[in-house]
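K.L.:
Quick one, fold the following:
(one chain, ligands or ions: 1)
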Amino acid sequence: MLHLVLDKISIHYDGQPAPAVEHVSIGVAKNDFVVLVGRSGCGKTSLLNVAAGLVIPARGSATVNGKPITGPGSDRAVVFQNDALFPWLTARENVAFALRLRGVRPAERARRADELLALVKLAEAGDKRIWELSGGMRQRVGLARALAAEPEFLLLDEPLGALDALTRERMQTTLLDLWTASHAGVLMVTHGIEEALVLATRIVVLAPGPGRVVRTFEPSFSRRYAAGEPIRAIKADPAFAAARGELTDAIFEGEAA
Ligand SMILES: Nc1ncnc2c1ncn2[C@@H]1O[C@H](COP(=O)(O)OP(=O)(O)OP(=O)(O)O)[C@@H](O)[C@H]1O
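P.N.:
Coordinates of the predicted model:
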């Protein structure tokens, strides 16, 4: 079984008096969609950066398929909010660039890039330059580029955070479609409570001071979507509203009024 494992992780930034994160364990298997939520400063991005190999923990172990994570690797692709694409290149060229890094032959690159753009519903936009695209379209090019690496794990830091509410909602189902099609394990950070419920197979709720896990939830809504239930019907289910209330309480529990 493919696994990304953060085991008893503590993170202590240089010059800080206290650890940012203490004793946090999170596992992501293939086909899992794990979402980290919690108040500002609870260490969500720091933990994602440990998984990406960009932050080395003070204690604990981070492994991917049993091997220690010592830096970025082709088994993990990262998408950040406002991800940097090359604005002067077309959407197709941006995706093809990632294929080139993977050693895909030039003759193959354009065809494969078009397949990936179709997957994120941008089949018509291959020839458009990045500066000609909307924020939501750019974010989809970023996802197509991440998928070009055929990663076993996708690490997403607020990938929909910069989008307007309607585009964000549409992108949630795009993300679920990509997850279902790719079978990748996903670890994602979000501030969106509904977004976490729509997407996650597991939600890890963190609290700050220092960052630690306070609750986990295993919602079934994303599996229901993957099984063919429309997203509107899922969100209208009273179970969805109940889960939203419970998750909100867990996030704000213990917060000084
Ligand atoms: N490079 C750094 N150097 C020093 N301290 C840092 C650094 N990065 C993060 N921190 C601190 O670590 C703690 C956790 O930060 P982190 O960004 O991981 O939290 P977060 O939950 O992602 O926050 P937000 O929801 O506001 O994005 C915070 O107290 C932050 O100030």
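K.L.:
pLDDT below threshold where in the stretch 51-200 of the chain?
P.N.:
Confidence mapping of the stretch 51-200 of the chain against pLDDT under 70 gives the ranges 82.
K.L.:
For it, which segments count as helices?
P.N.:
Counting by DSSP state H, counting those that start in this stretch, the segments of the stretch 51-200 of the chain that form helices are 91-101, 106-119, 135-148, 165-182, 193-199.
K.L.:
what sits up against the second one?
P.N.:
The contact list for helix 106-119, computed with CB atoms under 8 Å, 6 or more residues apart in numbering, reads 91-93, 95-96, 99-100, 104, 123, 125-126, 141, 144-145, 147-148, 177-178, 181. C-beta: built from backbone N, CA, C; applies to glycine.
K.L.:
Just to check, residue 216 is in contact with residue 200?
P.N.:
No: Residue 216 lies out of contact with residue 200 (CB atoms under 8 Å); the separation is 9.9 Å.
K.L.:
More neighbours: which of these two?
P.N.:
Higher neighbour count among residue 216 and residue 200: residue 200, with 26 against 13, using other CB atoms under 10 Å.
K.L.:
Which strand residues bridge the nearest residue to that one once chain neighbours are set aside?
P.N.:
Excluding the flanking residues, the one nearest residue 200 by CB to CB, 6 or more residues apart in numbering is residue 35, at 4.0 Å. Beta-bridge partners for residue 35, by DSSP bridges, are residue 188, residue 203.
K.L.:
residues contacting residue 35?
P.N.:
188-190, 195-196, 199-200, 202-204.
K.L.:
Which one of those is nearest to the ligand?
P.N.:
residue 189 (6.2 Å; CB to the nearest ligand atom).
K.L.:
Provide a list of residues in contact with the closest one.
P.N.:
Going by CB under 8 Å, 6+ apart, the list of residues near residue 189 reads 35-37, 44-45, 48, 156-158.
K.L.:
how near is it to residue 123?
P.N.:
To residue 123, residue 189 is 29 Å away according to CB to CB, to the nearest Å.
K.L.:
cool, residue 53 as well?
P.N.:
Taken as CB to CB, the span from residue 53 to residue 123 is 33 Å.
K.L.:
quick one, which of the two is more surrounded?
P.N.:
residue 53 (18 against 11).
K.L.:
Would you confirm that the more buried one contacts residue 72?
P.N.:
Yes: using CB under 8 Å, residue 53 is in contact with residue 72, at 4.8 Å.
K.L.:
Residues of the stretch 1-150 of the chain that sit close to the ligand?
P.N.:
By the rule CB under 6 Å from any ligand atom, the part of the stretch 1-150 of the chain lying against the ligand is 13, 16, 20, 38, 40-46.
K.L.:
let's see 5 Å
P.N.:
Contact residues (CB under 5 Å from any ligand atom) of the stretch 1-150 of the chain with the ligand: 13, 20, 40-46.
K.L.:
Most neighbours among those residues, please name it.
P.N.:
Ranking these using other CB under 10 Å puts residue 43 first, with 28 neighbours.
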